[in-house]
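> need a structure here:
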Amino acid sequence: AGEEGSESHAETPGSEGSGARSQCQSCASTALKVLGGLLVVLSVSSSWVGTTQIVKLTFQSFSCPFFMTWFSTNWNILFFPLYYSGHLVTARQKQTPIQKFRECSRIFGEDGLTLKLFLKRTAPFSILWTLTNYLYLLALRKLTATDVSALYCCHKAFVFLLSWIVLKDRFMGVRIVAAIMAITGIVMMAYADGFHGDSIIGVALAVGSASTSALYKVLFKMCLGSANLGEAAHFFSTLGFFNLIFISCTPVILFFTKVEHWGSLSALPWGYLCGVAGLWLAFNILVNVGVVLTYPILISIGTLLSVPGNAAVDVLKHEVIFSVVRLAATAIICLGFLLLLLPEEWDTITLRFFATFAEKKAEEHGEELTESSVHTRSRSRANGTVSIPLA
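Alright, predicted model coming up:
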């Protein structure tokens, strides 16, 4: 029995040490995940601000938003090759490009990517993708980058409303409040210039971009479900191929009808065009990689931070003066966006937090009472008196 007891005592420090070691490892992994998340947040915000500001600069010499949308979307083809390059660097068991392509094509179904599925599944998403980006660029011709980026944040509210109606997601009162705040911000933004001129057209275009973006995300969730990084890379590259094959006729038609006319190809601002396309691709890669590497909520915060980022550039570089109504509308939309980031169990978590806080307060109060009674008894004994407890 003594030997058993000594063995058990000998195992206790080891188990405590392993437990402490595992706690340290979990804390270190959490800290790294948060730090990586902060870097992703800054990268997402910077890439989106850079994309928006370079588009504004490009419009000074080249005002062809559909051509820019088409050209930038073609760069999505690079997503899967970049993903496969990362796979070759990081994976222990390497796969050939064909093997990896077939594995990731399961997002379209068990049979993989067929011609029928390519047309059926890719066409609606490609149209919505093109509409979202095209309307966003059109809005940038009418409004400041800050206004457009703030209005685009309303897509989060539209996603909730569509998911609630179409996908029968859980009803949440706080998200309804956030949706109302987004609509209020839209109306205030339109009212800022008196419901006339380029302002109301720009607001309508930005809201249209947010709406098609929300429809794209809800349709993706409904038809394809969730996707890992490889499947997302495959899907984006497929969108790029569809755009190159089937949408290429549109900028040609717009060119010959003089809707979007430009001179020779050598006269195009290729530096700006490649900058927009590269940053747009970087933004999409960061969003999808960030969801895998860190917390998804941080990606949404990165998108939201593009609003103050664009505001800083507009004020410092373009010397834009914002009216009080526009500032209030932007603040209301951003606040509504933050409310939409609350988890579904936020009310339960909040009640549990307050209950734990109240219990801790009660325990501290009980300890204070115990200490004061002990102190009183010691003083009475020192004075030669004895407290007699009542029956």
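
> Return the set of buried residues in the helix or strand encompassing Met188.
Element membership for Met188 (DSSP states H and E) is helix 173-191. Neighbour counts over helix 173-191 (16 or more other C-beta atoms under 10 Å) mark Arg175, Ala178, Ala179, Met181, Ala182, Ile183, Gly185, Ile186, Met188, Met189, Ala190 as buried. Where you see a C-beta, it was placed from the backbone N, CA and C, and this is true even at glycine.

> so which of those comes closest to Leu143?
The closest of the buried residues of helix 173-191 to Leu143 turns out to be Met189 (C-beta to C-beta; 8.5 Å).

> wait, what's in contact with the closest one?
Taking C-beta atoms under 8 Å, 6 or more residues apart in numbering, we find Met189 in contact with Asp147, Ala150, Leu151, Ser199, Val203, Val325, Arg326, Ala329, Thr330, Ile333.

> before we move on, the earlier item: what would the buried residues of helix 173-191 look like in CSV with pLDDT?
Below are those laid out as CSV (pLDDT from 0 to 100):
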residue, pLDDT
Arg175, 86
Ala178, 92
Ala179, 92
Met181, 94
Ala182, 93
Ile183, 93
Gly185, 93
Ile186, 92
Met188, 91
Met189, 89
Ala190, 86
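
> now the helix holding Met188, how far from the chain's geometric center?
19 Å (C-alpha atoms, centre = their mean, to the nearest Å).

> Can I get that helix in PDB, CA atoms only?
Only the C-alpha atoms of helix 173-191 are listed here, as PDB (Å, rounded to 0.1, in the frame of the first residue of the first chain):
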ATOM      1  CA  GLY A 173     -34.100  40.800 -32.700                       C
ATOM      2  CA  VAL A 174     -30.800  42.500 -32.500                       C
ATOM      3  CA  ARG A 175     -30.100  41.800 -36.100                       C
ATOM      4  CA  ILE A 176     -33.400  43.200 -37.100                       C
ATOM      5  CA  VAL A 177     -32.400  46.400 -35.300                       C
ATOM      6  CA  ALA A 178     -29.100  46.300 -37.200                       C
ATOM      7  CA  ALA A 179     -30.900  45.900 -40.500                       C
ATOM      8  CA  ILE A 180     -33.200  48.900 -39.600                       C
ATOM      9  CA  MET A 181     -30.000  50.900 -38.800                       C
ATOM     10  CA  ALA A 182     -28.500  50.000 -42.200                       C
ATOM     11  CA  ILE A 183     -31.700  51.200 -44.000                       C
ATOM     12  CA  THR A 184     -31.700  54.400 -41.900                       C
ATOM     13  CA  GLY A 185     -28.100  55.000 -42.800                       C
ATOM     14  CA  ILE A 186     -28.900  54.500 -46.500                       C
ATOM     15  CA  VAL A 187     -31.800  57.000 -46.400                       C
ATOM     16  CA  MET A 188     -29.700  59.600 -44.500                       C
ATOM     17  CA  MET A 189     -26.900  59.200 -47.100                       C
ATOM     18  CA  ALA A 190     -29.300  59.800 -49.900                       C
ATOM     19  CA  TYR A 191     -30.800  62.800 -48.000                       C
END
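
> Any regions of this structure where pLDDT drops low?
1-22, 195-196, 346-350, 353, 362, 364-391 (pLDDT under 70).

> ok, 50 please
Residue ranges of the chain with pLDDT under 50: 1-11, 385-391.

> how about the buried residues of helix 173-191, which pair is most distant?
Arg175 and Ala190 (23.0 Å).

> Just the contacts of Met189: which are in strands?
Judged by DSSP state E, strands contain none of the contacts of Met189.

> Please look at Ala123 and Phe242 and confirm they touch.
Yes - counting by C-beta atoms under 8 Å, Phe242 is a contact partner of Ala123 at 7.0 Å.

> who's more crowded, the two?
Under the neighbour definition other C-beta atoms under 10 Å, Ala123 and Phe242 were set side by side, and Phe242 has more, 22 against 12.

> How is the more buried one assigned, secondary-structure-wise?
Secondary structure, DSSP: H, G, I helix; E, B strand; the rest coil: Phe242 is helix.

> For it, which residues are in contact?
Per C-beta under 8 Å, 6+ apart, neighbours of Phe242: Phe118, Thr122, Ala123, Ser126.

> what do you get for Lys156?
Contacts of Lys156 by C-beta under 8 Å, 6+ apart are Ala178, Ala182, Ala214, Ser300, Phe337, Leu340.

> so how far is Val307 from it?
Distance, Lys156 to Val307, by C-beta to C-beta, to the nearest Å: 13 Å.

> same deal with Tyr152?
9 Å.

> Strands along the stretch 151-300 of the chain, start to end?
Per DSSP state E, counting those that start in this stretch, the stretch 151-300 of the chain carries no strands over any range.

> Distance of the spatially closest residue to Ser209 that is not a sequence neighbour relative to Ile301?
Leaving aside its sequence neighbours, Ser209 sits nearest to Leu135 (C-beta to C-beta, 6 or more residues apart in numbering; 3.8 Å). Leu135 sits 24 Å away from Ile301, going by C-beta to C-beta.

> what's the answer for Ala190, then?
Distance, Ala190 to Ile301, using C-beta to C-beta: 26 Å.

> wait, Ala139 sits on Ser199?
No - with contacts counted by C-beta under 8 Å, Ala139 stays clear of Ser199, the gap being 10.7 Å.

> and the helix or strand where Leu335 lies, what does it pack onto?
According to DSSP H and E, Leu335 maps onto helix 324-340. With contacts taken as 3 or more C-beta pairs under 8 Å, 6 or more residues apart in numbering; DSSP states H and E, helix 324-340 sits against helix 145-152, helix 155-165, helix 173-191, helix 296-304, helix 306-316.
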